[in-house]
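A.B. asks: I'd like to go over a predicted model; first the sequence, then the structure.
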Amino acid sequence: MGSERADPDAEHDWADQEYSADRYPPQPPPIPAAVRAPLDYSYSATELMAALPRSEAVDVDALPAALQHKARIHRDDLDNIIESQHLTTHPRSEVAWAHIARAHRFTAPIAKYGAPAAGVVAALTMAATRWHHPAAPTTDILTAAAPFDYIAAGIAAAALLTWWGRRRSATSPSWVYNDDELKTLDAASIDWPAVPEELDRYANGDVLRREWHGTWLARIQPGAAALVWREPHLVAVAALIARDIQASPTWNSELLDIHRVRVDLNRTLRDVYLRAHRIWRARANLVTPTTKDPTDPVARRNAEITDAADDAWNTLVTLVRQLQSYRQALIPVDIIRAEIAALQQSSMRISDDAVRQLHVDAAGNELHAGALGAATRELADLNANLAARLATLRHSLTTATNGLALRAP
């Protein structure tokens with residue numbers, strides 16, 4: 001984002017760039033050890049790049065007090081630097097008339113010379129038509145010159161419209177911020193760079209470019225900053241931890257609200273983003289000393305800035321570690337809630353009365369099993385007695401004294 005106001009008519013030939021649609025996107029490189037946050041996580045490079053948020057806001061605390069006051073007067077919340085760059089003291093309708101008025105420098109000379117020329121051509125056309133067709137009606141003669149009449153009328157109307165716009169807004173709209181203030185806003189913007197050209201606005205831009213190209217061969221890759229510098233990397237890690245928290249069943253229940261243990265996740269992420277960008281911006285704006293003498297004033301100033309940034313970095317890592325601990329604390333709660341949900345589902349499908357009935361049925365089955373066993377034993381005794389009697393009868397019929405004839409089987 002530069003301090004220049006955006007040109008909506010600007011065109012870009014994206015096909016000529018090395019990241020055109022007919023090329024495959026480059027594979028993300030491995031995460032450098034110097035970039036990894038001192039936390040335990042297993043997010044991939046692709047996840048980190050996709051999770052790095054973009055912002056068009058401005059770090060209000062980095063602005064001079066006068067500029068902050070000016071923004072408050074004009075009700076600019078500084079959430080979008082693009083809107084701030086186009087903020088004017090006039091209503092939108094006045095801005096539109098101002099743009100129309102700018103065209104007067106083109107329409108005025110055209111109307112001055114073009115309209116009379118079109119009128120002369122129209123008159124000559126009518127005269128020529130009358131000369132070649134003396135008997136032609138007047139309507140035909142006027143029709144022959146109609147196109148030039150329309151041209152003259154259009155030129156005059158355009159000149160009149162731009163003249164009125166110039167009268168309505170004699171000058172361009174009063175922009176709220178001047179060029180110097182726009183540069184200050186641009187320097188305080190908190191968006192991560194997506195192309196190496198965005199690094200040129202920082203004092204340490206050459207070093208940042210070397211770090212960028214040392215990791216990336218592609219000219220542009222959204223989210224690539226998460227794999228180049230530790231600060232945006234930590235922001236991406238925090239965003240992924242927040243994603244895991246939001247996926248927790250406990251987070252989506254009322255349990256945390258009842259016990260008042262729900263954290264303000266959005267505020268925490270904004271805080272992490274802003275603090276991380278301040279640390280990165282401090283390093284990005286280090287001025288290279290003219291000498292290698294450690295006692296050089298610039299070198300001492302850089303050392304002071306670096307020490308302050310390191311202290312801020314350590315506290316920021318602690319904040320993200322607390323966020324990760326909060327996520328870890330939700331895991332056992334999720335397990336307990338899953339067990340409770342399973343028990344509730346079991347109770348809904350099989351009630352306590354049904355369980356008691358199963359116990360009653362079990363006792364009844366034991367009684368029936370005893371009676372059935374006794375009957376089985378009695379039947380066995382009866383069968384044994386019957387077999388003995390049949391054996392006795394068979395023995396009596398097979399004796400030599402038996403006179404009865406037996407039937408063949």
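C.D. replies: Received it, and whenever you're ready, just let me know what you need.
A.B. asks: so where's the stretch 1-150 of the chain uncertain?
C.D. replies: 1-26, 88-115, 118, 130, 136, 138-146, 148-150 (pLDDT under 70).
A.B. asks: Swap in 50 and give it another go.
C.D. replies: By pLDDT under 50, the weakly predicted segments of the stretch 1-150 of the chain are 1-22.
A.B. asks: where exactly do the helices run in it?
C.D. replies: Under the criterion DSSP state H, counting those that start in this stretch, helices of the stretch 1-150 of the chain are mapped to 45-51, 65-73, 81-85, 92-102, 104-109, 115-132, 138-144, 146-168.
A.B. asks: For the shortest one, name the packing helices and strands.
C.D. replies: Taking 3 or more CB pairs under 8 Å, 6 or more residues apart in numbering; DSSP states H and E as contact, the helices and strands that helix 81-85 lies on are helix 179-187. Where C-beta positions appear, they are placed from N, C-alpha and C, glycine not excepted.
A.B. asks: May I see the buried residues of the helix it packs on?
C.D. replies: For helix 179-187, the neighbour count (16 or more other CB atoms under 10 Å) marks Glu181, Leu182, Thr184, Leu185, Asp186, Ala187 as buried.
A.B. asks: For the closest residue to the last one other than its chain neighbours, the count of nearby residues, please.
C.D. replies: To tie it back to what came earlier, the one meant is Ala187. Excluding the flanking residues, the one nearest Ala187 by CB to CB, 6 or more residues apart in numbering is Arg201, at 6.8 Å. The tally of other residues near Arg201 (other CB atoms under 10 Å) stands at 17.
A.B. asks: roughly how far apart are Arg201 and Glu47?
C.D. replies: 29 Å (CB to CB, to the nearest Å).
A.B. asks: can you check His69 too?
C.D. replies: 42 Å.
A.B. asks: The two - which one has more neighbours?
C.D. replies: Higher neighbour count among His69 and Glu47: Glu47, with 19 against 11, using other CB under 10 Å.
A.B. asks: these two touch, right, that one and Leu240?
C.D. replies: Yes - the pair Glu47 / Leu240 is scored as a contact, 6.2 Å apart, by CB atoms under 8 Å.
A.B. asks: mind checking pLDDT for the residue nearest to Ala187?
C.D. replies: Reading off the confidence values, Arg201 has pLDDT 86.
A.B. asks: Same question for the one 5 residues further on.
C.D. replies: The predicted local confidence for Asp206 comes out at a pLDDT of 90.
A.B. asks: So what touches the helix or strand in which it is found?
C.D. replies: Asp206 is part of helix 205-215, with elements assigned from DSSP states H and E. With contact meaning CB atoms under 8 Å, 6 or more residues apart in numbering, helix 205-215 is reached by Pro29, Pro32, Pro193, Pro196, Leu199, Tyr202, Ala224, Leu227, Val228, Trp229, Ala284, Thr288.
A.B. asks: Apply 6 Å and report the result again.
C.D. replies: The contact list for helix 205-215 (CB atoms under 6 Å, 6 or more residues apart in numbering) reads Pro29, Pro196, Leu199, Leu227, Val228, Ala284.
A.B. asks: ditto for stretch 240-256
C.D. replies: Here stretch 240-256 makes contact (CB under 6 Å, 6+ apart) with Tyr43, Ala51, Arg262, Leu265, Leu269, Leu323, Gln324, Arg327, Leu330, Val333, Asp334, Arg337.
A.B. asks: Now render these as TSV, adding neighbour count.
C.D. replies: Listed next are these as TSV, based on neighbours: other CB atoms under 10 Å:
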residue	neighbour count
Tyr43	18
Ala51	19
Arg262	14
Leu265	17
Leu269	17
Leu323	20
Gln324	19
Arg327	18
Leu330	20
Val333	17
Asp334	15
Arg337	16
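A.B. asks: Of those residues, which pair is most distant in space?
C.D. replies: Ala51 and Arg337 (26.3 Å; CB to CB).
A.B. asks: gap between the residue nearest to Ala187 and Ala153?
C.D. replies: From Arg201 to Ala153 the distance is 50 Å (CB to CB).
A.B. asks: same thing with Leu52?
C.D. replies: According to CB to CB, Leu52 and Ala153 sit 57 Å apart.
A.B. asks: These two: which is more packed in?
C.D. replies: Between Leu52 and Ala153, Leu52 has the larger neighbour count (other CB under 10 Å), namely 23 against 12.
A.B. asks: wait, doesn't the more buried one sit right on Gly223?
C.D. replies: Yes - the criterion here is CB atoms under 6 Å, and Leu52 meets it with Gly223 at 4.3 Å.
A.B. asks: What residues sit buried inside stretch 276-287?
C.D. replies: Going by 16+ other CB under 10 Å, stretch 276-287 has these buried residues: Ala276, His277, Arg278, Ile279, Trp280, Arg281, Ala282, Arg283, Ala284, Leu286.
A.B. asks: Looking at those, spot the one nearest Tyr177.
C.D. replies: When the buried residues of stretch 276-287 are ranked by distance to Tyr177 (CB to CB), Arg281 comes first, at 20.0 Å.
A.B. asks: From the contact counts, what lies against the longest helix belonging to the chain?
C.D. replies: Ordering each helix of the chain by length in residues (DSSP state H) puts helix 297-349 first. Using 3 or more CB pairs under 6 Å, 6 or more residues apart in numbering; DSSP states H and E, the elements in contact with helix 297-349 are helix 230-246, helix 265-284.
A.B. asks: Tell me which of the ones you listed lies nearest to Arg36.
C.D. replies: Judged by CB to CB, the one of these that comes nearest to Arg36 is helix 230-246, at 7.0 Å.
A.B. asks: Tell me which residues of the closest one come out buried.
C.D. replies: For helix 230-246, a neighbour-count test (16+ other CB under 10 Å) marks 230-242, 244-245 as buried.
A.B. asks: Also stretch 190-210?
C.D. replies: Across stretch 190-210, burial judged by 16+ other CB under 10 Å covers 190-194, 196, 198-199, 201-202, 204-205, 208-209.
A.B. asks: any chance of the residues you listed in CSV, plus secondary structure and distance to Thr295?
C.D. replies: Listed next are the buried residues of stretch 190-210 as CSV, based on DSSP: H, G, I helix; E, B strand; the rest coil; distance: CB to CB, whole Å:
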residue, secondary structure, distance to Thr295
Ile190, coil, 34
Asp191, coil, 37
Trp192, coil, 35
Pro193, coil, 33
Ala194, coil, 39
Pro196, helix, 34
Glu198, helix, 34
Leu199, helix, 29
Arg201, helix, 30
Tyr202, coil, 25
Asn204, coil, 21
Gly205, helix, 26
Leu208, helix, 26
Arg209, helix, 29
